[in-house]
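>>> Model the structure of this input:
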Amino acid sequence: RRELGQEIGISIQRMQAPSYRYGDYSSLSLAISLAFVIAGIVPFLRTISMIVNERERRVTESLESIGMGRFANLASIFTFQFAVQLIIGLIFCGILKGGVVKVVNYFVVLLCYVFFILAIMSLAVFISSFFGNTKRALITGILFYIFLMIFWLIKDSIKLESEGAAIGIAVSPLGNLSLLVDIWIHKQSYFAPYNFSDLSVLIKFFRGSTFLIICSITIVVFLTLGIYLTFVFPTGFGIPRHPLFFLGYPRKKRTEFAPIESQGPAVDPAMIEPPSQELLAQSSQSKTIRVEKVSKQYGNGKLAVDSLSLEMFSDQIFVLLGHNGAGKTTLVSMVAGSFPQTGGKISVLGLDSLADRPQIQKIMGVCPQINPILPYLTVTEHLTLYAKVKGIEDCKDEVEELLRDIDLFHKRDSFCGKLSGGQKRKLCIALAFV
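Predicted coordinates:
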């Protein structure tokens, strides 16, 4: 270049670059994952407990007998539990953001927490669909949660070498969340921010977007399965829906069962009082509850009701007597539509007990042996809830009148869990009269 007469120019300039920083936060990964595991088991077991306990205490059956659908009941429990966990999550995620994973966007932490809780609660709905006993359901729930923890423990005992292996661990919500926490801790160790735009970035063989996708699949699949099983294979009570009910298939055809051969002695006609002409007129006008050769045989072969026929007339008090195990409660449950009869036919004011069940629910009240009350509602709220479900919008006057009739007006704002045994029975009778 000198021979060509050109000068060589050299310039030096300082370039701005972030300083290298590194802090070893890997020891916190296990602690944060454990905190999420503990945070998840509470809504998991609580959701199972609420659903199955209301089913066991026949609260769900009582609400369904007046027209509240199974989906609405499940949705109310699910929404209530989620609202509680969301409030807890706002505080929990704030503590994580402020004290541990400072580089992670707060709303990213909150979003992942919400998806995690929804996935755990969806699994709880699925588990609860198999049980009618709270203790058994909780024991199974605990064992299932321990099974989910195995994936989390495996993740810490092996070295992941591919994204596919990480996804295999992420099948469990606990393993899924643990892999995400590892990403947060990795970012925190290098003091590098982690925002929504980083969710799709592959870090340590895992992506934040993969966490959200797997959680979404878990929510949709298990929540749908739980609701479907509750409708098609109801536990303890309830009329099974058609397996393809979601495609518009009818609930049930009108009952035309073949009568079961009676196992009892023949009834002497002389023991039956013939009805008067006035009562016969009610029968012809479909103003009665008619039970025709109704039988109920359980899967174990036990015959609870044996070819029973009777008719209950309007404006009369009908008393059904029988020894323990005679089938009185079973008959009342079949008339109310809590579960189907095996043979025979039941009609209420001309309506079929199975095919026309929604219409019957609006005009019938049942007071079961067990108090089907919710301890966290007040007396007034109970009566108002039943009235609203039955379609009575302006029910304030009727509720107050019922409270005065059963001498519970002074307890109208008391929680039902605080009532005495006799007062609870009074409330249950009032609920049947709504």
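
>>> Can you show me the helices along the stretch 201-350 of the chain?
Along the stretch 201-350 of the chain, counting by DSSP state H, counting those that start in this stretch, helices occupy 208-232, 277-284, 328-336.

>>> Stretch 191-204 - what's its average pLDDT?
On average, the pLDDT along stretch 191-204 is 90.

>>> Could you check how far I370 is from Q423?
I370 is 15 Å from Q423, where distance means C-beta to C-beta, to the nearest Å. The C-beta positions use only the backbone N, C-alpha and C, and glycine is treated the same way.

>>> Those two: which has the busier surroundings?
Q423 (18 against 12; other C-beta atoms under 10 Å).

>>> Helix or strand: which one has the more buried one?
Counting by DSSP states H and E, the element that carries Q423 is helix 421-433.

>>> pretty sure R207 contacts S200?
Yes - judged on C-beta atoms under 8 Å, R207 makes contact with S200 at a distance of 5.9 Å.

>>> Same drill for those two, tell me which one is more crowded.
A count of neighbours by other C-beta under 10 Å puts R207 above the other of R207 and S200, at 22 against 10.

>>> Could you list which residues are in contact with that one?
E163, L199, S200, V201 (C-beta atoms under 8 Å, 6 or more residues apart in numbering).

>>> any idea how far the residue lying closest to the first one once chain neighbours are set aside lies from L86?
In space, not counting the residues next to it along the chain, E163 is nearest to F205; the distance is 4.9 Å by C-beta to C-beta, 6 or more residues apart in numbering. Spatial separation of F205 from L86 under the definition C-beta to C-beta is 31 Å.

>>> more neighbours, these two?
Between F205 and L86, counted using other C-beta under 10 Å, the more crowded position is F205 (18 against 13).

>>> Let me see the backbone angles for that one.
phi 60, psi 20 (degrees, to the nearest 10).

>>> Identify the residues contacting it.
Neighbours of F205 in contact, by C-beta under 8 Å, 6+ apart: L160, E161, S162, E163, A165, A166.

>>> Same check on C428?
Applying C-beta under 8 Å, 6+ apart, the residues near C428 are C367, P368, N371, P372, I373.

>>> tell me the secondary structure for the fourth one?
In terms of secondary structure, P372 is coil; the call rests on DSSP: H, G, I helix; E, B strand; the rest coil.

>>> likewise the first one?
In terms of secondary structure, C367 is coil; the call rests on three-state DSSP.

>>> Burial check on the nearest residue to it once chain neighbours are set aside, number of neighbours?
With sequence-adjacent residues excluded and distances taken as C-beta to C-beta, 6+ apart, C367 is closest to A432, at 4.1 Å. Using other C-beta under 10 Å, A432 has 16 neighbouring residues.

>>> Could you do R404 as well?
12.

>>> For it, what is the enclosing helix or strand?
helix 396-405.

>>> what residues does that helix touch?
V379, T380, L383, T384, A387, I392, F409, R412, A430, F433, V434.

>>> So which bits of that helix are buried?
Within helix 396-405, the residues that count as buried by 16 or more other C-beta atoms under 10 Å are V399, L402, L403.

>>> Stretch 171-184 now?
Of all the residues in stretch 171-184, those buried under the rule 16+ other C-beta under 10 Å are 172-184.

>>> cool, and stretch 89-106?
Buried-residue list, stretch 89-106, by 16+ other C-beta under 10 Å: G89, F92, C93, L96, K97, V100, V101, V104, N105.

>>> Just give the closest residue to the fifth one, not the sequence neighbours.
The shortest distance from K97 to any non-neighbouring residue, by C-beta to C-beta, 6+ apart, is to Y106 (4.5 Å).

>>> is it true that that neighbour touches C93?
Yes - with contact defined as C-beta under 8 Å, Y106 and C93 form a contacting pair (6.5 Å).
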